[in-house]
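> how would this look folded up:
(chains A and B)
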Protein chains: 2
Amino acid sequence: MSTTLLSALRETLGERGMITDPAEKAPYCVDWRKKYVGDTLAVCLPSSALEVAALVRQCAEFNTAIVPQGGNTGMSGAATPDSSGKQIVVSMKRLNRVRAVDTANYSITVEAGVILQTLQDEAAKHDRLFPLAIGSQGSCMIGGNLASNAGGTAVLRYGNARELCLGIEAVLPNGEIVNALQGLRKNNVGYSLRDLLIGSEGTLGIITAATMKLFPRPKAQVTAWIALESMDDAIALFQVAFAKLGAMLTAFELIHPLGLEMAERSDAVKSFPLPRDSANWFVLMEASDGESEAHATAAIEVMLGEEIEAGRILDVAVAGTMAQSQSMWAIREAISVAQSMVEGPHIKHDISVPISRFAEFHRVTFAALSERYSGIRVNCFGHIGDGNLHYNVFAPLASDQASFGNVESEAINRIVHDRVVEFGGSISAEHGIGQLRRDELAHYGDPASMQAMRAIKQALDPKGLFNPGKVI
Amino acid sequence: MSTTLLSALRETLGERGMITDPAEKAPYCVDWRKKYVGDTLAVCLPSSALEVAALVRQCAEFNTAIVPQGGNTGMSGAATPDSSGKQIVVSMKRLNRVRAVDTANYSITVEAGVILQTLQDEAAKHDRLFPLAIGSQGSCMIGGNLASNAGGTAVLRYGNARELCLGIEAVLPNGEIVNALQGLRKNNVGYSLRDLLIGSEGTLGIITAATMKLFPRPKAQVTAWIALESMDDAIALFQVAFAKLGAMLTAFELIHPLGLEMAERSDAVKSFPLPRDSANWFVLMEASDGESEAHATAAIEVMLGEEIEAGRILDVAVAGTMAQSQSMWAIREAISVAQSMVEGPHIKHDISVPISRFAEFHRVTFAALSERYSGIRVNCFGHIGDGNLHYNVFAPLASDQASFGNVESEAINRIVHDRVVEFGGSISAEHGIGQLRRDELAHYGDPASMQAMRAIKQALDPKGLFNPGKVI
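As a prediction, the model looks like this:
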């Protein structure tokens, strides 16, 4: 049977559109964190929405499940097939055209396989800004960004992938193509399938193209590295910065010295704007301005000057050059990579909590963790301006690093996520559910919402062939 | 049977929660435009989500349809019951508490029946801005704003109701309560039921409460009234203003002299910032600033000065006082009211087209209308910055005004909407589908999307009891 399906698919996609060689298939069967390893009958590489629709119908005929995949940089295993070897991976790689740029409408239409960095560059070529920015932007694809509703460092000012999307083209499990690529800011024509598919992680449809918002490119960007006594002080600084800078405030990232220590140990970072052990917390702040460098610098310096004077911040380094600014951002990005590549196994959490309650949440949670595991380490960093931190738990230095992550992960998830829910937060802020948090969602999800999600899944994908085992 | 249902509902809601007297029911059975007149078995006024859930279950038991209603200011008849007298109107009036304001988290949680103006005022009391602004804000309710994904004059900077909403509480057709009132900027936990219910016009669920975003209150707002030669010039000015002012640009409304003439005839407006016949088009522009009045005024005056010098705008009046600014906005708002209250029947369209193509769209459409109806008048005005204009067609002065609107409406809809679709636009930008555009949506809607919408409706509301006859 699988041979018949493979020949049908080969007929649809051609030789270039199919990978069946085990060695060539392998990279499509493991996630970026190498936490999930699966197998696949074949990797399909369609080059048009019509080809996606055709292959979806063919797979349906053979009751064969489909796992859509973008740049394969997801953090939750949503794009990795199971180990049966019976699922088909559909890679968006060849669906990689920029279809249209409408500068006056501040919009761009791209296919799902366009790499995020390419989209940013294309916008810049037209003197426009595409603001979505995440660590994996050199290889992640806009289709995956939308399927997982990616966040990143620019959400504070510009919103997440959902808020940047005007229209989509997508193939549904019945093989029909949703044609809704409008570049419109206002379009109230019934249920928003766009928003239903965004964040559905390939379980309801395969996004094949999207029309995304563009923005005026800021004339100037000023970056500052700020040393703080406590998380409370960092959150208080955010309040001041947001109130005074408003839409000029384009990033506000919290960094813990443990992350800096890891970045240094990974050799990715040689030096820091301020000594890495000189404070309990650091903030990387960016202000963007449509007017001028001078105006931006003045605004940020006046604000920070007042805060220093009032004793609410310990020290600050403002990047005087583009290179200095880039090296600040490089430190921020090095933390994620260092954790996964150099440090031992650890238990990741991607949580959000209303910013008004984050410091208290951290106190309570860190106390609960420390009580159970003396000397436990938490590398807590990220988008505090959005109330979203990566709350990654590392074994005490004295413990066996390798076994800790496996043995204790469930207990630690419970400690962290129970408190997240208690504080009105989310157990998945921007990384999505995938395989990693499916059981957690089943445990914590709002019952009425879960029931409605299952009804929607059943209605659109009655055979359950779109990315089974993910999300719900 | 209906007697049994009524007593069951009365038991649930109490005397205060039920209206059955014909005279008292009447205002709930007609829409704001008085285009649709229906009847209802009873108007229910629940005072909690639990009461809504209970009445939904009771109605389901008796196979009785429910029509949710907010401030009853909708433009598409979505909140008006049919004429059978068998449907139940569920008014949100008594669900009108402000549940929580979290100033540090820039969020507010309100029940569905809170009037938009009340929400704005509550935010202002806490030195915050709730930006949603529409003509009916004195009586429309946030639940209705969300159910119809309301737009208005601040979408350009702050987004529509959807983009302002962080979380919802809602009752589904099965009587279950969705508890998703999180005040989180990032929350990727499966399908976004929030976004599915927003804009679904009460056909999938009844929104009972919502957590909405707040923003820093601008320190200064500067308003300008600008005279222009052509729609092309207005759109070119938008390009300059958006590029130079960026997030400072908080409104950009296009106004046609015909609308001004109507506003004057309605006696709502006595004078204009510039003579109303001195140009072919006017723009009402607003810039907001977090810094100072001086900074805002300088930015806007420099920009407009350059445009005058380059001959791209004819004349400009900048409001020097708050009163002048308010009177400019009053003129803008008077246009909608004057049309409905004073002028004869006319054929309304609420369309969006990519701004890059709007001038061409208007040329083509106006030519087609004029060819068929010599002397036809179009009052075309609204949110050109979002690519959204109200494109309202009035009979030639010589014709019988009363009959024209009825006899020709279908032919005129076809001329306008065919071209909207041809130009990649939407036949419903911000007013929604309701009863008014249900057939138009069936005619123009993307087939795969319509099929998916019906599947979702069937999955969540298998008995079809939530607002039947609306949207799909």
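> what distance separates the start and the end of stretch A:430-446?
Counting by CA to CA, to the nearest Å, you get 18 Å between the two ends of stretch A:430-446.
> in that stretch, what counts as buried?
When burial is assessed from 16 or more other CB atoms under 10 Å in any protein chain shown, stretch A:430-446 yields the following buried residues: A:430-438, A:440-441, A:444-446. All C-beta spots, glycine's among them, are computed from the backbone N, C-alpha and C.
> stretch A:398-413 too?
Of all the residues in stretch A:398-413, those buried under the rule 16+ other CB under 10 Å are A:Ser399, A:Phe404, A:Gly405, A:Glu408, A:Ile412, A:Asn413.
> quick check, the lengthiest helix in chain A touching chain B?
Determined from DSSP state H, the single longest helix within chain A is helix A:401-422. No. Under the criterion of CB under 8 Å from any CB of the partner chain, chain B is not reached by helix A:401-422; the shortest gap measures 10.1 Å.
> helices and strands around that helix, which ones?
strand A:350-352, helix A:358-372, strand A:388-394, helix A:438-444 (3 or more CB pairs under 8 Å, 6 or more residues apart in numbering or on different chains; DSSP states H and E).
> follow-up on the earlier one: of the buried residues of stretch A:430-446, which pair is most distant in space?
By the measure CB to CB, A:Gln435 and A:Asp446 form the most distant pair in those, at 20.8 Å.
> show me the shaky parts of chain A.
Within chain A, the stretches falling below the threshold (pLDDT under 70) are A:1.
> any idea which residue is closest to the centre of it?
In chain A, the C-alpha closest to the average C-alpha coordinate belongs to A:Ala150, at a distance of 3.8 Å (CA atoms, centre = their mean).
> need the nearest residue in space to that one, chain neighbours excluded.
Spatial nearest neighbour of A:Ala150, chain neighbours left out: A:Ala161 (4.6 Å); criterion: CB to CB, 6 or more residues apart in numbering or on different chains.
> before we move on, what about A:Leu258?
Of all residues beyond its chain neighbours, the one nearest A:Leu258 is A:Asn379 (4.6 Å), with distances taken as CB to CB, 6+ apart.
> just want the angle from the helix or strand where the one you found lies to helix A:401-422.
Secondary structure here is read from DSSP states H and E; on that basis A:Asn379 sits in strand A:377-383. Comparing the axes of strand A:377-383 and helix A:401-422 via axes from the mean of the first three to the mean of the last three CA atoms, to 10 degrees yields an angle of 50 degrees.
> quick one: residues in contact with strand A:377-383.
For strand A:377-383, the surrounding residues in contact (CB atoms under 8 Å, 6 or more residues apart in numbering or on different chains) are A:151-153, A:155-156, A:252-256, A:258-259, A:262, A:335, A:339, A:346, A:362, A:366, A:369, A:388-397, A:430, B:186.
> next, the angle from it to helix A:358-372.
Here strand A:377-383 runs at an angle of 160 degrees relative to helix A:358-372 (the same axes, to 10 degrees).
> which residues does the nearest residue to A:Asp277 once chain neighbours are set aside contact?
In this structure, A:Asp277 finds its nearest non-sequential neighbour in A:Pro257, 6.0 Å apart by CB to CB, 6+ apart. Residues near A:Pro257 by CB under 8 Å, 6+ apart: A:Arg276, A:Asp277, A:Ala279, A:Asn280, A:Trp281, A:Phe282.
> what are the ranges of the strands in the stretch 101-250 of chain A?
According to DSSP state E, counting those that start in this stretch, the stretch 101-250 of chain A carries its strands in the segments A:107-111, A:128-129, A:165-171, A:177-180, A:206-213, A:215-216, A:220-228, A:249-255.
> now do the second one: distance to the chain's middle.
Spelled out, that is strand A:128-129. Relative to its parent chain, strand A:128-129 has a centroid offset of 21 Å by CA atoms, centre = their mean, to the nearest Å.
> then the first one?
Distance of strand A:107-111 from the chain centroid (CA atoms, centre = their mean) equals 20 Å.
> and the fourth one, by the same measure?
Remark: strand A:177-180 is offset 25 Å from the chain centroid, using CA atoms, centre = their mean.
> contacts for it?
Applying CB under 8 Å, 6+ apart, the set of residues contacting strand A:177-180 is A:49-50, A:53, A:167-172, A:193-194, A:197, A:205, A:208, B:446, B:448-449, B:452.
> in its sheet, what does that strand sit against?
Using DSSP bridges, the strands paired with strand A:177-180 are strand A:165-171 (antiparallel).
> just want the angle from the partner strand to strand A:206-213.
When the same axes, to 10 degrees is applied, the directions of strand A:165-171 and strand A:206-213 differ by 160 degrees.
> quick one: strand A:165-171 to strand A:107-111, angle?
Between strand A:165-171 and strand A:107-111, the angle formed by their directions is 20 degrees, by the same axes, to 10 degrees.
> the residue nearest to A:Ala150 against A:Asn145, yeah?
Yes. Taking CB atoms under 8 Å as the definition, A:Ala161 is a contact partner of A:Asn145 at 4.7 Å.
> neighbour-wise, which of those two wins?
Neighbours of A:Ala161 and A:Asn145, each counted by other CB atoms under 10 Å in any protein chain shown, are more numerous for A:Asn145; the result is 32 against 26.
> pull the contacting residues for that one.
With contacts defined as CB under 8 Å, 6+ apart, the neighbours of A:Asn145 are A:Gly70, A:Leu116, A:Leu132, A:Ile134, A:Ala161.
> ok, which pair from those residues is furthest apart?
Looking across the contacts of A:Asn145, with CB to CB as the criterion, the two at the greatest separation are A:Gly70 and A:Leu132, at 13.3 Å.
> for the residue nearest to A:Leu258, grab the count of nearby residues.
Taking other CB under 10 Å as the criterion, the count of residues near A:Asn379 is 26.
> bridging residues for it?
In this structure, A:Asn379 has the following beta-bridge partners (DSSP bridges): A:Asn392.
> repeat for the one 4 residues further on
Here A:His383 sits in beta bridges with A:Asn388, as judged by DSSP bridges.
> setting the sequence-adjacent residues aside, check what's closest to A:Val67.
Beyond its immediate neighbours in the sequence, the residue positioned closest to A:Val67 (CB to CB, 6+ apart) is A:Pro81, lying 4.6 Å away.
> quick check: that neighbour vs A:Asp39, distance?
From A:Pro81 across to A:Asp39, the span is 7 Å (CB to CB, to the nearest Å).
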